[in-house]
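Novice: Mind folding the following:
(one chain, ligands or ions: 1)
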Amino acid sequence: MSESSLPKVAVVTGAGSGIGRATALRFVRGGCHVLAVGRRAEPLAETAALAGGAAQVTTAALDIAEPGAMDAAVQALVAAQGRVDALVANAGINPQRADALETTDEAWEETLRINLTGLHRSCRAVLPHMIAQKYGTIVATGSVSGQVGMAERCAYGPTKAGVIQYARNLAIDYARHGIRANSINPAFVVTDMTRGWLESRPEGVLDQIVAAHPLGLGKPEDVANAAWFLSTGESRWITGVDLSVDGGFTAH
Ligand SMILES: NC(=O)c1ccc[n+]([C@@H]2O[C@H](COP(=O)([O-])OP(=O)(O)OC[C@H]3O[C@@H](n4cnc5c(N)ncnc54)[C@H](O)[C@@H]3O)[C@@H](O)[C@H]2O)c1
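Specialist: Have a look, this model is predicted:
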């Protein structure tokens, strides 16, 4: 991989909103064709429209954790575009912010199903193609709550620690095939996932949360730029890393 190499064809999951949408748009801006994956067709169509249409973005509305769903979508992408250079496995959920006693079985199982099984099935869908090409990059979206302890993240935190470890293991298993894998780990970014929760914090608490980020809260584009860097040749000697993209949150 040369320093100047750029991905030509990428898959971004969770691309209908927030960090995933910003990532899809960042990759299109870098000259990449993007397969935008998400649960619902309508937000994905909005992402495609923002990117300037079907030549730059194709969409697939599916559940990443459903057996075979990602395999079929990636196969169709490779049939149309001839390759898949990058995966940004960004889709994730945090359905219940709760401690261990309050976490419902349903929230526990769904968080593991999407954040870990969905990640695994997304990676397994691109790996055979990347191995055949002897080239590929995978960026998995973890979270600072997979790096440090945080209150009321009983299910979410362990899944994000799992995302980080999953990327490390991929890095080791597939380096010999020219494939790199890293995780990016945001602190608070205002998106659909966090907006309502942040706005409902008692008076003063939001100020404390903002103050825990020396550079303030992040924007989806800040995370998208990190995903782009880790998918280009400029990061060709970086693999197995868990990169905090957090405005100084973990340093603080
Ligand atoms: N916003 C933050 O502060 C923050 C912080 C750390 C990590 N993250 C992580 O960043 C990623 C993106 O989150 P966001 O903040 O943009 O929130 P978001 O809710 O806007 O985006 C998540 C996206 O994933 C999609 N998705 C969820 N389950 C899916 C499934 N089964 N199949 C396909 N798509 C599915 C959703 O439709 C949505 O578009 C997530 O993995 C999240 O855990 C976010």
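Novice: Where in this protein is the helix or strand with the lowest mean pLDDT?
Specialist: When the helices and strands of the chain are scored by mean pLDDT, DSSP states H and E, helix 195-199 comes last with a mean of 91.
Novice: just checking, what packs against the helix or strand just after that one?
Specialist: Toward the C-terminus, helix 195-199 is succeeded by helix 205-211 as the next helix or strand (DSSP states H and E). Packing partners of helix 205-211 (3 or more Cβ pairs under 8 Å, 6 or more residues apart in numbering; DSSP states H and E): helix 195-199. Quick note: C-beta positions are derived from backbone N, CA and C, even for glycine.
Novice: buried set for the helix it packs on?
Specialist: For helix 195-199, the neighbour count (16 or more other Cβ atoms under 10 Å) marks Leu198 as buried.
Novice: Tell me the predicted confidence for the closest residue to Arg40 other than its chain neighbours.
Specialist: Spatial nearest neighbour of Arg40, excluding adjacent residues (Cβ to Cβ, 6 or more residues apart in numbering): Ala61 at 5.8 Å. Here, the pLDDT recorded for Ala61 equals 98.
Novice: Kindly report the same for Ala22.
Specialist: What the model reports as pLDDT for Ala22 is 98.
Novice: Surely it is in a strand?
Specialist: No. Note on Ala22: no strand contains this position according to DSSP: H, G, I helix; E, B strand; the rest coil, which reports helix.
Novice: residues touching the spatially closest residue to it that is not a sequence neighbour, list them.
Specialist: Distance criterion Cβ to Cβ, 6+ apart; nearest residue to Ala22, sequence neighbours excluded, is Pro220 at 3.6 Å. Contacts for Pro220 were tallied using Cβ atoms under 8 Å, 6 or more residues apart in numbering; they are 18-19, 21-23, 189, 191.
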